[in-house]
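Enquirer: coords please:
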Amino acid sequence: MLQSIFQDKDYLNYRYFYKRAYYMACIAAGIKDASGHSFVLTFDHLNGNHLQPIIVVRSTSGMLAH
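Expert: As a prediction, the model looks like this:
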């Protein structure tokens, strides 16, 4: 994440984490909108920590149809 996004007091009221979640949502939207690719996007938490969301990207080309 860019340092210019943050302010000195973003540690208050979990603002850092809200900004991080929004940043990740924008990245996920960009991946989803990429033309010519078929991905399944999900969100998860790194090591079960709810303050560290991650994006999980899986290709649908290797998935089996049910």
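Enquirer: any chance you could map the strands in this protein?
Expert: Taking DSSP state E as the test, the strands found in the chain are 39-45, 53-59.
Enquirer: give the partner strands of the first one in its sheet and their orientations.
Expert: Within its sheet, strand 39-45 is paired with strand 53-59 (antiparallel), according to DSSP bridges.
Enquirer: what mean pLDDT does the partner strand have?
Expert: For strand 53-59, mean pLDDT rounds to 87.
Enquirer: now stretch 15-28
Expert: Average pLDDT, stretch 15-28: 83.
Enquirer: OK, contacts around the residue positioned nearest the centre of the chain?
Expert: In the chain, the C-alpha nearest the mean C-alpha coordinate belongs to Met24, at 3.2 Å (Cα atoms, centre = their mean). Contact analysis of Met24 by Cβ atoms under 8 Å, 6 or more residues apart in numbering lists Phe43, Pro53, Ile54, Ile55. Glycine gets a C-beta too; all of them are placed from N, C-alpha and C.
Enquirer: separation between the first one and Tyr11?
Expert: The reference is to Phe43. With the distance defined as Cβ to Cβ, to the nearest Å, Phe43 ends up 23 Å from Tyr11.
Enquirer: which stretches in the protein count as helices?
Expert: Assigned by DSSP state H, the helices in the chain fall at 15-33.
Enquirer: for Phe6, give me its contacts.
Expert: Residues near Phe6 by Cβ under 8 Å, 6+ apart: Tyr16, Lys19.
Enquirer: if I pick the nearest residue to Thr60 once chain neighbours are set aside, what's in contact with it?
Expert: For Thr60, ignoring the flanking residues on the chain, the nearest one in space by Cβ to Cβ, 6 or more residues apart in numbering is Ser38 at 4.3 Å. Shown in contact with Ser38 (Cβ under 8 Å, 6+ apart): Ser59, Thr60, Ser61.
Enquirer: what's the neighbour count on the last one?
Expert: Same thing as Ser61. Counted with other Cβ atoms under 10 Å, residues neighbouring Ser61 total 8.
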